[in-house]
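K.L.:
got a predicted structure plus its sequence, pasted below:
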Amino acid sequence: MPDSAKPDIVFFGANTGDRLGSTTYIGDVTGDTIEDIFLGAPNGDGLAELRQNSGEVYTVFGSPTLENKPPVADAGPDQPPPTVCVGKPVQLNGSKSSDPEKGLLLFQWEFIQDFRVADSPKQCLELLDGVCRSTVA
């Protein structure tokens, strides 16, 4: 579990069967005008899971900033003219793209529509082995 997903404080029931944490509370308990969350887990087995059904309460203090960082998009090396030629394939490869939090990435290629090459704005797209190849016709 990444550190940003771990609770700030965890309370455990003192004895087996205590079932601490039968409710959930959201409110500003720290006085910073940002809501905090207390999430109960009454069937939790306590510290090191040694007390069956003692219960647990997970506390997450609100933060004014999100810790999510944007993904890094890398479509491959630049292919400036005259490298990109009419009728020749242009390869876009996002395999070097990444997400700092190790989340899944969804790729969507967006092509500029207001360009012309030899009076033809058409492109042929082909997806092979996860690599998008575009041919300007």
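P.N.:
Arrived safely, thanks for sending. Residues are numbered from 1 along each chain as shown.
K.L.:
helix/strand/coil for the closest residue to Pro100 other than its chain neighbours?
P.N.:
Excluding its sequence neighbours, the residue lying closest to Pro100 (C-beta to C-beta, 6 or more residues apart in numbering) is Lys69, at 4.2 Å. C-beta: built from backbone N, CA, C; applies to glycine. Here Lys69 is coil, with the state taken from DSSP: H, G, I helix; E, B strand; the rest coil.
K.L.:
so Lys69 versus Ala75, what's the distance?
P.N.:
19 Å (C-beta to C-beta, to the nearest Å).
K.L.:
comparing the two, which residue is more hemmed in?
P.N.:
Ranked by neighbour count (other C-beta atoms under 10 Å), Lys69 and Ala75 place Ala75 first, with 16 against 10.
K.L.:
so how far is Gln52 from that one?
P.N.:
53 Å.
K.L.:
state the pLDDT value of Val136.
P.N.:
You'll see Val136 listed with a pLDDT of 47.
K.L.:
nope, Leu125 is what I was after
P.N.:
pLDDT for Leu125: 47.
K.L.:
domains of the chain?
P.N.:
Following automatic domain parsing, one finds the domains of the chain at 3-60, 68-137.
K.L.:
and these, which one averages the lowest pLDDT?
P.N.:
domain 68-137 - the lowest mean pLDDT of these, at a mean of 62.
K.L.:
which stretches of the chain form strands?
P.N.:
Assigned strands in the chain, in chain order: 9-12, 25-27, 36-41, 56-60, 89-92, 123-128, 131-136 (criterion: DSSP state E).
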